[in-house]
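**Q** Just a sequence and a predicted model for now, questions to come.
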Amino acid sequence: MSLSHYDPLASLRAVESAFSRMLTEPQTNRPWAPAVDIYETENELVLKADLPDVDPKDVDVRVENQTLTLAGERKFEAESNGKGYHRIERSYGNFVRSFAVPNSFDTEKVNAAYRNGVLTVTLPKKEAAKPRQIKVETTI
């Protein structure tokens, strides 16, 4: 009769290993959302979205019913040079982000530009919403 060593944590280690593999293998169907900064200036609303390694042709910017929607896809392209990945932490696949746009911005004049992996969407303020200075008259 041979004695075998009992490991009470063996099943826990198996679950931990499976979970670790799930997080490190590429997940092309896992949803992701790019980080976005939104700020307002005196004349416009500016949205900046981080989209590194996203082809601008794969990005769709839409405004409908006072809602600005960014959609697109970051594609996973495994290198075929025989080297294997040690870790994959970035998300791949489709993304969609939607933002409510206040009525004070002109959704007919949206401008979108992509530079250095950052998408910048600009919406000008309507003339009625822009601040204006009113001169106070004095009477003697």
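**A** Cool, got the structure.
**Q** Distance check, Val46 against Gln133.
**A** With distances taken as Cβ to Cβ, to the nearest Å, Val46 is found 23 Å from Gln133. Any C-beta I mention is one placed from the backbone N, CA and C, and that applies to glycine too.
**Q** same question, Glu64
**A** 35 Å.
**Q** If you count surrounding residues, which of the two has more?
**A** Glu64 (9 against 5; other Cβ atoms under 10 Å).
**Q** can you pull the pLDDT of that one?
**A** Here the pLDDT value assigned to Glu64 is 92.
**Q** so what's it bridging to?
**A** With DSSP bridges applied, the residues forming beta bridges to Glu64 are Thr67.
**Q** Count the neighbours of Leu45 for me.
**A** Quick note: Leu45 (other Cβ under 10 Å) scores 21 neighbours.
**Q** can you tell me how far it sits from Leu68?
**A** Distance from Leu45 to Leu68, by Cβ to Cβ: 9 Å.
**Q** And Arg97, by the same measure?
**A** 9 Å.
**Q** Looking at the two, which is more packed in?
**A** Just comparing Arg97 and Leu68: by other Cβ under 10 Å the higher neighbour count belongs to Leu68, 22 against 15.
**Q** That one and Val46 touch, don't they?
**A** No. With contact defined as Cβ atoms under 8 Å, Leu68 does not count as touching Val46 (11.5 Å).
**Q** Overlap in contacts, those two.
**A** Common contact partners of Leu68 and Val46 (Cβ atoms under 8 Å, 6 or more residues apart in numbering): Val121.
**Q** do you know how far Thr107 is from Pro52?
**A** 27 Å.
**Q** of these two, who's got more company?
**A** For Thr107 versus Pro52, the count of surrounding residues by other Cβ under 10 Å is larger for Thr107: 16 against 10.
**Q** Packing partners of the helix or strand where Leu123 lies?
**A** For Leu123, the host element (DSSP states H and E) is strand 118-124. Here strand 118-124 touches strand 44-50, strand 59-64, strand 67-74, strand 111-115, going by 3 or more Cβ pairs under 8 Å, 6 or more residues apart in numbering; DSSP states H and E.
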